[in-house]
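Asks: Return atomic coordinates for the entry below.
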Amino acid sequence: MTQKQERRRIRAMRLDEPDAQIVARAAALRPFIGRTGDERVTALRRLLRQERRASLIGGGYDACRHAALTRLLAEALAGASPARHENGRRE
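Replies: The predicted model follows:
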């Protein structure tokens, strides 16, 4: 690179709040992840593995989708197991 050539920074602008995007993406994915609790957990774990692979490869990774899948998995696990206290102990 010569002195006259400068690297240009990529600038991005969000129209929505990230939390709102994640909630919307989770709502859109919810009907397609299975009917029973076990089906949901299995499907979500598989989808999260695919997202992690995509992040390592660098192509096709969507951070918003990853966050939505993580939230859906947390919901599925919370519904399948006894309630836990905020620091991990069972109530």
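Asks: Buried residues, the helix ranked longest in the chain. List them.
Replies: In the chain, assigned by DSSP state H, the helix with the most residues is helix 37-57. For helix 37-57, the neighbour count (16 or more other Cβ atoms under 10 Å) marks Arg40, Val41, Ala43, Leu44, Leu47, Leu48, Glu51 as buried. Backbone N, C-alpha and C define where each C-beta goes, glycine included.
Asks: C-terminal to that helix, which secondary structure element comes first?
Replies: Later in the chain than helix 37-57, the nearest helix or strand by DSSP states H and E is helix 63-80.
Asks: quick one: the longest helix of the chain to chain centroid distance?
Replies: Counting by Cα atoms, centre = their mean, to the nearest Å, helix 37-57 is centred 9 Å from the centre of its parent chain.
Asks: Then stretch 41-59?
Replies: 9 Å.
Asks: going forward, begin numbering at 615 instead of 1
Replies: With the count now opening at 615, the last piece we talked about shows up as stretch 655-673.
Asks: Export it to CSV, keeping only CA atoms.
Replies: The C-alpha coordinates for stretch 655-673 follow below in CSV (Å, rounded to 0.1, in the frame of the first residue of the first chain):
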residue,chain,number,x,y,z
VAL,A,655,-33.7,-29.2,22.2
THR,A,656,-32.3,-31.6,19.6
ALA,A,657,-33.1,-29.3,16.7
LEU,A,658,-31.8,-26.2,18.5
ARG,A,659,-28.5,-27.9,19.4
ARG,A,660,-28.0,-29.0,15.8
LEU,A,661,-28.7,-25.5,14.5
LEU,A,662,-26.3,-24.0,17.0
ARG,A,663,-23.6,-26.4,15.9
GLN,A,664,-24.2,-25.3,12.3
GLU,A,665,-23.9,-21.6,13.4
ARG,A,666,-20.7,-22.2,15.2
ARG,A,667,-19.2,-24.0,12.2
ALA,A,668,-20.3,-21.1,10.0
SER,A,669,-18.6,-18.6,12.3
LEU,A,670,-15.3,-20.6,12.1
ILE,A,671,-15.5,-20.8,8.3
GLY,A,672,-16.5,-17.2,8.0
GLY,A,673,-19.3,-17.6,5.6
